[in-house]
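Engineer: below: sequence and its predicted model.
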Amino acid sequence: MNMTEMMKQNQGYYSNNKDMPSKLQEKAKFLCWKYNQTSPLEKDKRQSLLQELFGECHPLTFIEPSFRCDYGFNIHTHGLTVINYNCVILDTSPVHIGENTFIGPGTCLACAGHAIDAKQRAAGVGTSAPITIGRNVWLGANVTICGGV
């Protein structure tokens, strides 16, 4: 199983930062940059970019720029999703967002983590675990959700 396949599994894993597929990250960074350059009036363009970026993007997904993510293909919205300004999703594992979810400004959903042990961290050991947000959830401003939730 290659690294991308492992990242799409709905289970946690350990990795070395040298194993992470940077080419896929380049695509996500470019699409996020394009998204963040759109006018508030370009609703169709925003929706098109999210469809290209996310693994699964419900048509009722609305995100206020600025938005950033690691890969995009691991983000799945399953109904009305409203994400306010300055959201970061570190999607090194799958992130599922249930319908009727509202996410406040400055929120970070972080599947990715680093080893707690300093020697492992210096050696590039990382961790990742999926995040699932259920239906009818509201996350207030500046919330951080860590992998495994």
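Structural biologist: Right, received. Where do you want to start? Numbers count the residues shown, from 1 in each chain.

Engineer: distance from the centroid: which residue in the chain tops it?
Structural biologist: The C-alpha centroid of the chain is most remote from Lys119, which lies 27.5 Å away (Cα atoms, centre = their mean).

Engineer: any idea how far that residue is from Asn16?
Structural biologist: For Lys119, the distance to Asn16 (Cβ to Cβ, to the nearest Å) stands at 13 Å. For the C-beta atoms, the positions are set from N, CA and C on the backbone; glycine is no exception.

Engineer: now Gly98. Its backbone dihedrals?
Structural biologist: Main-chain dihedrals, Gly98, degrees, to the nearest 10: phi -70, psi 170.

Engineer: which residues touch it?
Structural biologist: Neighbouring residues of Gly98 by Cβ atoms under 8 Å, 6 or more residues apart in numbering: 78-79, 132-137.

Engineer: mind running it again at 6 Å?
Structural biologist: Each residue near Gly98 by Cβ atoms under 6 Å, 6 or more residues apart in numbering is listed here: 78, 133-135.

Engineer: averaged pLDDT, stretch 60-72. What do you get?
Structural biologist: The pLDDT scores in stretch 60-72 average 98.

Engineer: any idea how far apart the tips of it sit?
Structural biologist: The first residue of stretch 60-72 is 17 Å away from its last residue (Cα to Cα, to the nearest Å).

Engineer: so how far is that stretch off the chain centroid?
Structural biologist: From the chain centre to the centre of stretch 60-72 is a distance of 8 Å (Cα atoms, centre = their mean, to the nearest Å).
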